[in-house]
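In: Okay, structure incoming, though there's no sequence with it:
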């Protein structure tokens, strides 16, 4: 066997070993990441922070799982009495009213026509659809499950 054949043989063996190690690492990482863990958060332990740090007295949220800035998450959301303007979120979300009475409506509908939604009421809001809401009681608390990143932007005013 000449030197060139010996190097090729060693290179092939090294490539096989490195590939096997990489695949083993991938399998371990996949299974490690896929193991779900139980999450328990008593309401009194939920850490509420302002949705908008510039308005510390405004709406607040407490992240229960996930990272709302990066992907799917679950949170508690707290609003004081009043209406939110027509706005849009990129991701779909599911919401359940936990406390208080709310209204929720889509662009083109009127708040006056929206049904009051008390504790246990649910809605699904598709992403990229303008909608608005209001809290009719002193405070409303909701559970929200985001299917992707949580964001929000004001909807454009309808052209007249």
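Out: Perfect, thanks for sending it. What you are looking at is a predicted structure, and each value in this text was computed from that prediction instead of being measured.
In: in the protein, which spans are helices?
Out: For the chain, helices defined by DSSP state H occupy the ranges 3-34.
In: domains for the protein, by residue range?
Out: By the assignment in automatic domain parsing, the chain contains the domains 1-35, 43-154.
In: Deepest in the core, which of the ones you listed is it.
Out: Highest mean neighbour count of the domains of the chain: domain 43-154, a mean of 15 (counted as mean count of other Cβ atoms under 10 Å). Where C-beta positions appear, they are placed from N, C-alpha and C, glycine not excepted.
In: can you tell me the distance between the two ends of it?
Out: Domain 43-154 stretches 30 Å from its first residue to its last (Cα to Cα, to the nearest Å).
In: worst average pLDDT in the domains of the chain?
Out: Ranked by mean pLDDT, the domains of the chain end with domain 1-35 at the bottom, a mean of 55.
In: who does residue 95 bridge with?
Out: Residue 95 has these beta-bridge partners by DSSP bridges: residue 123, residue 144.
In: Assess the claim that it and residue 123 are in contact.
Out: Yes - counting by Cβ atoms under 8 Å, residue 95 touches residue 123, with 5.4 Å between them.
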